[in-house]
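**Student:** model the following, please.
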Amino acid sequence: MTRVLIETVVRNTLKQIKIDPERSMRNVVDMALHLSGGSFRKELFQVAQTMLEQESSAYYKLIPDIVAHVESERIVQFGMNVGFNSFTVGAEQIRAIEWEENFNIPWCISLKLSDSVPDERYDAVINQGEELGIYSWLLFGTGDLSKLLTLPSKHPDSAFFLFCSPNDISEDWIKEAAQLNNLMFVVKFEGKAAITCSLLREMGLLYSLYMSYSESDVHKILNDDLLIETQELHPLMTVFMADSSCPIPARDKVYNYILQTRSKQHFLTIPWELEYDNRWVDGIISHEGCVAAFDEHGQLEGSPRLNLFEQGLRSILRRAFPKGGRR
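**Tutor:** Numbering: from 1, shown residues only. Model (predicted):
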């Protein structure tokens, strides 16, 4: 019943945003803050409320642009899967299990998919995750991208962020993906990214861009060049993902820049640092933030002895993220 009521509000808000975007966005955030329970949801809505107090905010143009070019049903289902299933029902489930079993559970999981791993194994992993309250998944695919669509189709209650290269995306594959409403494309900012984003926009699909950065890229990020370029392609978010060689001081500089940039709201895209921001969200849910990413062999990054296909997700999280740990 709660979900039905919230969906009704979301649908009405999408209609009103097309008429009066500034007033509608402020009203829905104010209402959500008033009705939200728990410190997690209140903190997120307070951040949104503070941001929308800036009348010159570029987000007053960004959000109506997304609403105008993305099919409403996609926004509703993907938004409900993240906002309700993941941040509300899932968050409560995560906190309950953490309290009872004394280990941390991340709000989202990153999976690098391998063509050599049967779909059934990934399907089982997502089932295990949903049982723990995890309803947001970051899927990384290369070459054959069929797995990126198989999993969302089997798990309509979860939200899937599909990280992929524009060089691997075909028009036929996009048409197949258009049948699913619980996913967002996250296209690598390289090669045919502009062509791919144009096609996604024409088809009314939800998409963002991402960049894998190293220390040598920090200067280009800090002087705004990257966001100036990416906003031209109309992505909801521009995601920054540090590669394994990027040192902590360089990552810290990028994240400080992202925080300042989000606060100023000058760009028509929302900057997001993949690891730091996901840890920040998880820290609000669980008070001890953690992130979990698995490579194409099923191994937890940083813990090669913990294999997703041998030990199961719950067992791995219990061993890798005990309460009081620092990971």
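
**Student:** now for the chain, the helix or strand with the poorest mean pLDDT.
**Tutor:** helix 39-51 (a mean of 57; mean pLDDT, DSSP states H and E).

**Student:** ok, and for the next helix or strand along the chain from that helix, which residues are buried?
**Tutor:** Per DSSP states H and E, the first helix or strand lying C-terminal to helix 39-51 is helix 59-69. Under the neighbour-count criterion of 16 or more other Cβ atoms under 10 Å, helix 59-69 has 59-60, 62-64, 66-67 buried. Every residue, glycine included, has its C-beta placed from N, CA and C.

**Student:** tell me the buried residues in stretch 129-149?
**Tutor:** Judged by neighbour count using 16+ other Cβ under 10 Å, the buried positions of stretch 129-149 are 129-130, 132-141, 145, 147-149.

**Student:** now the two most distant members of these.
**Tutor:** Across the buried residues of stretch 129-149, no pair lies farther apart than 133 and 145, at 27.6 Å, counting by Cβ to Cβ.

**Student:** in helices only, show me the buried residues of stretch 129-149.
**Tutor:** Within the buried residues of stretch 129-149, membership in helices is found for 129-130, 132, 147-149, as judged by DSSP state H.

**Student:** can you list these in JSON lines and add pLDDT and distance to residue 193?
**Tutor:** Shown next, in JSON lines, are these (pLDDT from 0 to 100; distance: Cβ to Cβ, whole Å):
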{"residue": "129", "pLDDT": "97", "distance to residue 193": "30"}
{"residue": "130", "pLDDT": "97", "distance to residue 193": "32"}
{"residue": "132", "pLDDT": "97", "distance to residue 193": "34"}
{"residue": "147", "pLDDT": "81", "distance to residue 193": "22"}
{"residue": "148", "pLDDT": "88", "distance to residue 193": "17"}
{"residue": "149", "pLDDT": "91", "distance to residue 193": "20"}
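
**Student:** which stretches in the chain count as strands?
**Tutor:** In the chain, the strands defined using DSSP state E lie at 108-112, 136-140, 159-164, 183-188, 207-213, 237-242, 270-273, 292-294, 299-300, 303-307.

**Student:** looking at these, which is nearest to residue 285?
**Tutor:** Proximity to residue 285, assessed across the strands of the chain by Cβ to Cβ, is greatest for strand 108-112 (10.4 Å).

**Student:** and residue 70, how far from residue 159?
**Tutor:** Here the criterion is Cβ to Cβ, to the nearest Å. By it, residue 70 lies 14 Å from residue 159.

**Student:** quick check, residue 81 in contact with residue 135.
**Tutor:** Yes: Residue 81 is within contact range of residue 135, at 6.1 Å (criterion: Cβ atoms under 8 Å).
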